[in-house]
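Enquirer: Sequence and predicted structure, then a few things I'm wondering about:
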Amino acid sequence: MYLTRPAGRAGFAGAAASRNETLLPATCTITMQILSNTDKNIPGNERFHAYLEEKLTTSLHRFSNRITRVEAHLGDENGQRNSDDDKRCLLEAHLVGHQPVVVTAHAAEVEQSINAAIAKLKAALDTVVGKLTDHYR
């Protein structure tokens, strides 16, 4: 059995694949790759990247069979000046055969912006995956 991405009005399993359609075996496992980028105002050491990778892997585990890559972009929008909600976390999840899902969160601390962005991403992925599931019922 193969899982196919929606292409026009094609059916689910066993449907003829169009040239834009991605086919995957139903038993295929996808390794979710996590990339993180920080600006010059956020210290991006190895320990921080390991923390972020662990946090994303555990939070997005139930979507891991649909996500190929997650990109995290962290930044301090005001640089050295201290203000509320100046830490930004942008998360971009690349789904198999679909456009990326992108969310952004701002907070006073980096960890808070990461947690808020993960919560937004999970909600967005629930919506996208739910629509895909409903489409094939």
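Expert: Great, that's in hand.

Enquirer: need the helix or strand of this structure with the lowest average pLDDT.
Expert: Ranked by mean pLDDT, DSSP states H and E, the weakest helix or strand in the chain is strand 2-4, scoring a mean of 36.

Enquirer: which residues of the protein fall in helices?
Expert: 46-59, 110-135 (DSSP state H).

Enquirer: chain center to the longest one: distance?
Expert: What it means is helix 110-135. 8 Å (C-alpha atoms, centre = their mean, to the nearest Å).

Enquirer: Going by neighbour count, which residues of that helix are buried?
Expert: 110, 113-118, 120-122, 125, 128-129, 132 (16 or more other C-beta atoms under 10 Å). In this view, the C-beta of every residue, glycine as well, is placed from N, C-alpha and C.

Enquirer: Same question for the shortest one.
Expert: By neighbour count with 16+ other C-beta under 10 Å, helix 46-59 contains the buried residues 49, 52-53, 55-56, 59.

Enquirer: quick check: mean pLDDT across that helix?
Expert: For helix 46-59, mean pLDDT is 94.

Enquirer: what does stretch 129-137 give?
Expert: 71.

Enquirer: Many thanks, we can stop here.
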